[in-house]
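J.: Sharing a model that was predicted from the sequence below.
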Amino acid sequence: MEKLNILTFPTHPRYDSLMDNVGHNFYRVPHWDAHDLFGHKEALEKFDGVEFDLIMSQNKEAHYPNAASLQRDLNIPIISLEHTLPRPEWQKNVLDHYEGKSGEMNVYISDFSARAWGV
């Protein structure tokens with residue numbers, strides 16, 4: 001199997017180190033203000049010449065806005081791997097807002113998590 005070049009974001013050190021064991025190349029870009037129109041270009045400068053296969057977003061609130069910005073520029077798919085739950089204080093309109101933030105493939109860590117997100 002050919003190794004994929006996966007663009008993602010820092011999550012938790014232990015989680016990130018486990019992801020490094022799946023046999024693909026992970027490139028972690030720092031978060032930037034999603035309203036900064038050029039933030040993603042600066043984040044990618046250190047990976048000049050790498051052809052990315054996909055973007056992995058691991059949090060709808062923290063990662064997805066940056067992932068969507070990268071996707072518009074790179075035209076590659078997003079895999080949404082959701083390992084957090086919606087915040088208990090969120091109202092239905094907030095959950096509805098995040099419902100549209102999905103990738104070409106959406107993965108949840110459990111059936112409980114998928115139901116909490118309304119899937």
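T.: Yes, it's here. Residues are numbered from 1 along each chain as shown.
J.: Pass me the low-pLDDT residue ranges in this structure, would you?
T.: 31-40 (pLDDT under 70).
J.: list the contacts for residue 9?
T.: By CB atoms under 8 Å, 6 or more residues apart in numbering, the contact list for residue 9 reads 28-31, 57-59, 62-63, 66-67. Yep, even glycine has a C-beta here, placed from its N, CA and C like the rest.
J.: And it, how close does it get to residue 78?
T.: Per CB to CB, to the nearest Å, residue 9 is found 12 Å from residue 78.
J.: Can you check which residues contact both of those two?
T.: Common contacts of residue 9 and residue 78, defined by CB under 8 Å, 6+ apart, comprise 57, 67.
J.: centroid residue for this protein?
T.: residue 57 (0.9 Å; CA atoms, centre = their mean).
J.: right, and that residue touches residue 67 too?
T.: Yes. Using CB atoms under 8 Å, residue 57 is in contact with residue 67, at 3.9 Å.
J.: what's the neighbour count on the closest residue to residue 85 other than its chain neighbours?
T.: Once flanking residues are discounted, residue 85 sits nearest to residue 116: 5.0 Å by CB to CB, 6 or more residues apart in numbering. By other CB atoms under 10 Å, 16 other residues sit near residue 116.
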